[in-house]
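Chemist: can't give you the sequence, but here's the structure:
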């Protein structure tokens, strides 16, 4: 945890000239575990190409669970006081819906109270698309879909590094596609919430 905070502080010092931050709170999916490049890296490149003065902060922690994310979010908002948007991916690590959805709702409610526009990214292990959309709507968040939406389950896009079937984490190519697919939602939020 200390390493994460130190990294955030150093990053904020080097990025202080940027217009605003987008805080990507999540798990190994957000961190693109084992791929060598988080999807937030590609998102930053795409934003720069579009001349959008923003910096996406990779706050993905491998193995994290929603119950532990609130503290990290609160600390991150202190380190990045110019956060204008949050991408929240609670992940599949907590298999018990009660302990996944309860803390996730607390985080969404907290961000709504702070009036920080939020993009909610779900996982099919915990919620259907319909259930996730309903949860996002309840707290005024934008719903992206499941974290691996439209990412092919093949060796070009997935690492097959997890037991129990499925494609596991994404490859660099998969993570880059996720960034590409996320960008329109970020632009929608910026437009509708007048974020500059």
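Modeler: Yep, it's here. As the structure is a prediction and not an experimental result, all values here were calculated from the model.

Chemist: verify the stated contact: residue 126 with residue 102.
Modeler: No: using CB atoms under 8 Å, residue 126 makes no contact with residue 102, being 11.4 Å away. (Glycine included, C-beta is placed from N, CA and C.)

Chemist: who has more neighbours, those two?
Modeler: Set side by side, residue 126 and residue 102 show more neighbours around residue 126, with 21 against 13, by other CB atoms under 10 Å.

Chemist: from residue 57, how far off is that one?
Modeler: Between residue 126 and residue 57 the computed distance is 24 Å (CB to CB, to the nearest Å).

Chemist: now do the same for residue 168: helix, strand or coil?
Modeler: coil (DSSP: H, G, I helix; E, B strand; the rest coil).

Chemist: which parts of the longest helix along the chain are buried?
Modeler: For the chain, the longest helix by residue count, based on DSSP state H, is helix 172-193. Within helix 172-193, the residues that count as buried by 16 or more other CB atoms under 10 Å are 172-179, 182-183, 185-186, 189-190.

Chemist: show me what it is packed against.
Modeler: Helix 172-193 makes packing contacts with helix 39-49, strand 83-88, strand 118-122, strand 142-146 when contacts are defined by 3 or more CB pairs under 8 Å, 6 or more residues apart in numbering; DSSP states H and E.

Chemist: starting at the chain centroid, how far to that helix?
Modeler: 11 Å (CA atoms, centre = their mean, to the nearest Å).
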